[in-house]
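Novice: Quick check, what structure comes out for this input:
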Amino acid sequence: MADRYREKWSREETILAYDLYCRTPFTKIGKTNKDIIALAKLIGRTPSSVGLKMANLAHFDPELQSRNVSGMSNASKLDKEIFEEFASDWEELSYQAQLIKADYSGKTISDLNDEFVIDIEMLPEGTDALAETKRRVGQYFFRTSVLAAYGNKCCVTGLKAPELLIASHIKPWKVSDVKTERTNPKNGLCLNALHDKAFDRGLITVDDKYRIVVSDRLKDISMDDKTRNWILYYDGLEISMPEKFAPDKDFIQYHNDIVFLR
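Specialist: Predicted coordinates:
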C-alpha cells in the first residue's frame, strides 16, 4: 500500500493511534517499535508518521505536561477532539479501536484476538453478547495499558516476567464505574501474582504517598522466616511509579478506606 504520510489523518486512524499511545510507554514511541510498525502497515502509513501522530496526541496528556514533557507541538484539532472524547471513556476507546482494526483487516473482533472470542451458547441467560465483547476488549486494554505503563515490571518487587504479572484494580472492578473506572489505567497497579492477591484481599495497600503498607493481619499469618522477612522488607517503601497513568489518589483512598484490613 502506498505511503499516505501527506494525507490528512482520518478519525478512525487517529482512534487507532490513540489506543496504541495508551498502550505504549512514551519512551518507546518510535519507528522501530513493532506495534507501531504493525499499525503503520495496517493503515498504509510509515512507522515514522504513526510515531509522530502518537507524539502529537501526547501533547494533550496532562501527566506529561506536569513533567514538562509536552509531545509534539503541531497537534491537530482532530487530535484534541479524539483525546478529549475518550480520555474518560476507556472501554469505548478500546472497543472502537478494535472495531476499526477489524474493519481494516477484513475480519471480526473475535478474529483479532482469542481473548475476545465468545461462545454465545455458553453465556449465562440474559447476558448481552455485545456488552460481553466490550468487557473483554476493555479488560485486554486495561491489562496491556497498565503493564506497558510500568514497563512490564512489578511496581513492588521489580519482577519483570509478564506471565507472572497482573494488572490489579485499585478500586475493585465490581464496584467501579463501567465508563470511567473499570478500564481506566489510573485505576491499576502492575503487581506480581502474590502481591496482587494480597492487595485484592486487603492485606496490603498503598498510601497517598505511594508507600506500601502491610496489614497487621498479614504480619500475624504463620509463615517461614524468609517469607516473612521478604514481605516485611517492602513495608513503607515507595512503589515504582509508571511512566504514564499514575495511580489516581481517589482510587487509592477508596482502597485504603474500604478494602484494606487494618
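
Novice: In space, what's closest to Ser48 - neighbours in sequence excluded?
Specialist: Spatially, and ignoring its direct neighbours in sequence, Ser48 is nearest to Lys31 (4.6 Å; C-beta to C-beta, 6 or more residues apart in numbering). C-beta coordinates here come from the backbone N, C-alpha and C atoms, glycine included.

Novice: Contact partners for the one you found?
Specialist: 37, 46-48, 51 (C-beta atoms under 8 Å, 6 or more residues apart in numbering).

Novice: Between those residues, identify the one with the most neighbours.
Specialist: With neighbours taken as other C-beta atoms under 10 Å, the top of these is Gly51, carrying 25 neighbours.

Novice: For that residue, give its distance to Ile29.
Specialist: For Gly51, the distance to Ile29 under the criterion C-beta to C-beta, to the nearest Å works out to 5 Å.

Novice: which neighbours do these two share?
Specialist: Between them, Gly51 and Ile29 share the neighbouring residues Ile36, with contact defined by C-beta under 8 Å, 6+ apart.

Novice: which is the next helix or strand following the strand or helix carrying Ala102?
Specialist: Using DSSP states H and E, Ala102 maps to helix 90-105. Moving toward the C-terminus from helix 90-105, the first helix or strand encountered (DSSP H and E) is helix 109-112.

Novice: Show me what that following helix is packed up against.
Specialist: Judged by 3 or more C-beta pairs under 8 Å, 6 or more residues apart in numbering; DSSP states H and E, the packing partners of helix 109-112 are helix 90-105.

Novice: Show the average pLDDT along the helix it packs on.
Specialist: The average pLDDT for helix 90-105 rounds to 92.

Novice: Alpha carbons of it, as CSV, please.
Specialist: Written as CSV, here are the backbone C-alpha positions of helix 90-105 (Å, rounded to 0.1, in the frame of the first residue of the first chain):
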residue,chain,number,x,y,z
TRP,A,90,-11.6,3.9,28.1
GLU,A,91,-13.9,1.0,27.3
GLU,A,92,-15.4,2.7,24.4
LEU,A,93,-11.9,3.8,23.1
SER,A,94,-10.7,0.2,23.2
TYR,A,95,-13.8,-1.2,21.6
GLN,A,96,-13.9,1.4,18.8
ALA,A,97,-10.3,0.7,18.1
GLN,A,98,-10.8,-3.0,17.8
LEU,A,99,-13.8,-2.4,15.5
ILE,A,100,-11.8,-0.2,13.3
LYS,A,101,-8.8,-2.6,13.3
ALA,A,102,-11.2,-5.5,12.3
ASP,A,103,-12.7,-3.4,9.5
TYR,A,104,-9.2,-2.5,8.1
SER,A,105,-8.2,-6.2,8.3
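
Novice: starting at the chain centroid, how far to that helix?
Specialist: Taking C-alpha atoms, centre = their mean, to the nearest Å, one finds helix 90-105 lying 15 Å from the centre of the chain it belongs to.
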